[in-house]
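J.: Structure for this input, please:
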Amino acid sequence: MFDGFLGYIIGGAVIGLLARLVKPGADSMGWILTILLGIGGAAIGGYLYPGHGMMTWVVAILAAVVLLFLFEMIRKKK
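T.: Alright, predicted model coming up:
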């Protein structure tokens, strides 16, 4: 349904929001960082588990959660 650039933005927003819901604790980041986090998670998830289906979404959300933890660790160092 959503192909190309718009699809990545919408999919990234959904995956980023789901990752922030799954991860415990407060995340003080804006919607642009949430979308970028979701796009990164989707890219990693698509690489680790290629194909289409629910498992690809699960892997993408888990990858986004890992990216969220890494983002917090980098931000806390400053």
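
J.: all contacts plus neighbour counts: C-alpha atoms, from now on.
T.: Noted.

J.: Would you mark the buried spots in the biggest helix by length in the chain?
T.: Longest among the helix segments of the chain by residue count, using DSSP state H, is helix 54-77. Buried residues in helix 54-77, counted by 16 or more other Cα atoms under 10 Å: 56-68.

J.: Average pLDDT for it, rounded please.
T.: Averaged over helix 54-77, pLDDT sits at 90.

J.: Off-centre distance for that helix?
T.: Centroid separation for helix 54-77 versus its chain: 6 Å, with Cα atoms, centre = their mean, to the nearest Å.

J.: between the buried residues of helix 54-77, which is nearest Ser28?
T.: Leu68 (10.9 Å; Cα to Cα).

J.: Mind checking which residue lies nearest the centre of this structure?
T.: In the chain, the residue lying closest to the centroid (Cα atoms, centre = their mean) is Gly38, at 2.4 Å.

J.: can you pull the contacts of it?
T.: With contact set as Cα atoms under 8 Å, 6 or more residues apart in numbering, Gly38 has these partners: 11-17, 19, 60-61, 64.

J.: What of Leu68?
T.: Going by Cα under 8 Å, 6+ apart, Leu68 touches 19-20, 37.

J.: Inside strands: which ones of the residues you listed?
T.: Assigned to strands by DSSP state E, none of these qualify.
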